[in-house]
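In: Fold the following, please.
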Amino acid sequence: MTDKQSEIVQPVLVRVNGVLLKEQTAQELDAISAFRPHPSDLLIASYPKSEGTTWTQEIVDLLLHNGNVESCRQAPITTRNPFLELSTKISSQTGLELLEEMDPPRVIKTHLPFQLVPVGIWENKCKVIYVARNAKDTLVSYYYFHHINQMIPKPGPWEDFVHNFMRGEVAWGSWYDHVKAFWEARQKRNILFLFYEDMQENPRREVERIMNYLDLSISNDVLDHIVEQTSFKNMKDNPMANYAFVPKEAFDQSTHKFMRKGVVGDWENHFTTEQSAEFDKDYEKKMKDVNIPFRTRL
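Out: Below you'll find the model as predicted:
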């Protein structure tokens with residue numbers, strides 16, 4: 001067993017400020033909180049398995065490199081866009097260690113809820129892109145992700161996971177709290193709020209929105225090229241983006257891949273009629289104070 005593999009330990013979740021986090025993340029939270037970004041850094045934030053996270057990372061990388069695919073395939077996505085709270089060294093370095101070695105501007109990924117994002121992000125007025133996906137499809141994707149991710153606890157039976165998700169008793173906490181906090185802060189903090197469903201419906205439109213937010217000017221031909229290169233099929237076949245480079249001891253993709261389906265409405269293949277009704281009732285209660293235009297079908 002290599003040193004890298006031996007660092008993968010039995011996953012444990014601990015509660016920090018009401019949010020369940022991996023034990024290693026909780027132990028390093030002070031250092032994460034103290035991270036001081038450069039004003040030119042970009043943060044891409046999302047709740048886990050919002051599906052558009054990796055997609056957005058690749059879009060941003062191609063936009064920043066004017067569509068140069070080879071430049072974006074020189075290293076795995078975890079190296080190009082460090083995962084801020086990555087604590088287990090599945091890529092030989094933690095997210096913070098990678099960031100320390102990189103010169104700004106840097107593109108940073110996080111799943112941390114709004115209240116745990118380093119305050120320096122806001123103080124330095126960094127640009128932030130938040131990617132959100134409807135709750136039901138996120139739940140399904142997160143359920144499958146628990147089966148391959150060896151760094152978080154196994155999900156247990158489907159019906160149990162549905163209730164754990166509804167209660168926020170999963171890693172990175174409540175989906176409801178996560179999306180609501182970023183939504184409510186989007187204007188004050190200049191956050192570009194993206195919906196996965198919008199990206200699926202009209203990827204070219206959303207790529208242009210990202211380009212404009214980043215104050216870039218790119219030709220129509222290059223934008224078309226970026227849309228094509230970041231299609232689900234091309235992303236799934238891209239070894240620098242599909243997480244095939246992650247050791248099996250961290251991501252066991254033998255049963256299904258990190259990029260599984262990439263569709264809107266897959267929840268209908270998993271929820272029973274009773275579960276869907278119960279979920280909808282709970283959702284209405286938790287989201288009654290906001291009007292976020294999520295769509296569960298296209």
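In: so what's the backbone phi/psi at Val19?
Out: Note on Val19: backbone dihedrals following degrees, to the nearest 10 are phi -110, psi 130.
In: list the contacts for it?
Out: Counting by CB atoms under 8 Å, 6 or more residues apart in numbering, Val19 touches 113, 115-116, 168, 172-174. In short, each C-beta sits where N, CA and C put it, glycine included.
In: now the strand or helix carrying Val207: mean pLDDT?
Out: Using DSSP states H and E, Val207 sits within helix 203-213. When pLDDT is averaged along helix 203-213, the result is 97.
In: Other residues contacting the next helix or strand after it?
Out: Counting by DSSP H and E, the next helix or strand C-terminal to helix 203-213 is helix 220-229. Contacting residues not belonging to helix 220-229 are listed as 58-59, 62-63, 66-67, 69, 203-204, 207-208, 211, 218, 234 [CB under 8 Å, 6+ apart].
In: Report the buried residues of helix 220-229.
Out: Neighbour-count burial for helix 220-229 flags 223, 225-227, 229 (criterion: 16 or more other CB atoms under 10 Å).
In: same check, this time on stretch 291-298
Out: Per 16+ other CB under 10 Å, stretch 291-298 contains these buried residues: 294-296.
In: Identify, from the residues you listed, the entry nearest to Arg80.
Out: Arg80 lies nearest to Phe294 out of the buried residues of stretch 291-298, by CB to CB, at 29.4 Å.
In: check contacts around the closest one.
Out: Phe294 sits next to 132, 134-135, 195, 197 when contact means CB under 8 Å, 6+ apart.
In: Try it again at 6 Å.
Out: If you count contacts by CB atoms under 6 Å, 6 or more residues apart in numbering, Phe294 has them with Asn134.
In: And the pLDDT for it?
Out: For Phe294, pLDDT reads 97.
In: which one is Ala171 nearest to, not counting chain neighbours?
Out: Excluding its sequence neighbours, the residue lying closest to Ala171 (CB to CB, 6 or more residues apart in numbering) is Ile152, at 4.8 Å.
In: Could you pull up phi and psi at Lys127?
Out: Backbone torsions for Lys127, taken as degrees, to the nearest 10, come to phi -70, psi 140.
In: thinking it is in contact with Leu43, fair?
Out: No - between Lys127 and Leu43 there is no contact under CB atoms under 6 Å: 7.4 Å.
In: Look at those two and report which has more neighbours.
Out: More crowded of Lys127 and Leu43, by other CB atoms under 10 Å: Leu43, with 23 against 20.
In: quick one: what helix or strand has that one in it?
Out: Counting by DSSP H and E, Leu43 is part of strand 42-46.
In: what is the mean pLDDT for that strand?
Out: pLDDT averaged over strand 42-46 gives 98.
In: Would you mind pulling up the elements that that strand packs against?
Out: helix 52-64, strand 107-110, strand 127-132 (3 or more CB pairs under 6 Å, 6 or more residues apart in numbering; DSSP states H and E).
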